Structure formats: structure tokens, C-alpha cells
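**Q** this is a predicted model, with the sequence first.
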Amino acid sequence: MVTKEIKVKNTVFKGIELDLCDETKLLVITGKKGYIMCGYLNINTAQKRNDVACIVTGVKTIEDILNSNVVAITAKAQELGISMNMPVKKVLEILAG
């Protein structure tokens, strides 16, 4: 498992890469207000839990997440101003605000 601190404004997020098998990784960036996760995790579960959550796909590293756009969001994320196809760096700015 690899963890990485990501600082945005005065907020620290934690990036986590967990090796599942061979070249398969579970990836997530977490913060106090919400999180961004890879496609292995379920947006419907996040929605049911009333979480602020976003999904990115086609990523293999935390750096890939930071350079991608979200492809799915929960209603709570949308309420904060997060939208589909928004760059993750912009999402982190919103979550840091």
C-alpha cells in the first residue's frame, strides 16, 4: 500500500494506492468533506450513504487521478458544485473550500 499527502489550499488529502493483484490497484483520495475513487468502488453505495463522492476511471496511480476528470458523482457532490467531467484538481479545490 502506498499513501501520499496531497495539499490543496490549507487542506491535506490522503491518496491511497492498494495493490489488489498483479497490476490491479484500488485507488482513492480522501478528505474531510468527501472522496474521489476509482471505478472499482461503487457510486450507488456512496449515494445511499449520502456521501460526497466522485468516480474516475482509467487510472493506475494517484497521479493519474489528479490528472483526470470525474465520470460519476453523488447528489451530495453535485450540491457542493461538483459536476460531471470536472477536473479532479478543481474537485479538490471545492472539497478544500
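**A** Everything's here; your move. Just so it is clear, the structure is predicted and the values come from calculations on it, not from any experiment.
**Q** output the strand or helix carrying Leu27 as PDB, nothing but the C-alphas.
**A** Element membership for Leu27, per DSSP states H and E: strand 24-30. C-alpha atoms of strand 24-30 as PDB (Å, rounded to 0.1, in the frame of the first residue of the first chain):
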ATOM      1  CA  THR A  24      -4.700  -4.100 -10.400                       C
ATOM      2  CA  LYS A  25      -4.900  -1.300  -7.800                       C
ATOM      3  CA  LEU A  26      -7.700   0.200  -5.700                       C
ATOM      4  CA  LEU A  27      -7.300   4.000  -5.700                       C
ATOM      5  CA  VAL A  28      -8.900   6.700  -3.600                       C
ATOM      6  CA  ILE A  29      -8.200  10.300  -2.500                       C
ATOM      7  CA  THR A  30      -9.900  11.100   0.800                       C
END
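**Q** against which helices or strands is it packed?
**A** Identification of packing neighbours for strand 24-30 by 3 or more Cβ pairs under 8 Å, 6 or more residues apart in numbering; DSSP states H and E yields strand 11-21, strand 35-38, helix 62-66. To be clear about C-beta, it is placed using only N, CA and C from the backbone, and glycine gets the same treatment.
**Q** longest helix anywhere in the chain?
**A** Ranked by residue count, the top helix of the chain under DSSP state H comes out as helix 88-96.
**Q** stretch 12-23: which residues count as buried?
**A** Going by neighbour count (16 or more other Cβ atoms under 10 Å), the buried part of stretch 12-23 is Phe13, Gly15, Ile16, Glu17.
**Q** ditto for stretch 85-97
**A** Across stretch 85-97, burial judged by 16+ other Cβ under 10 Å covers Met86, Val88, Val91, Leu92, Ile94, Leu95, Ala96.
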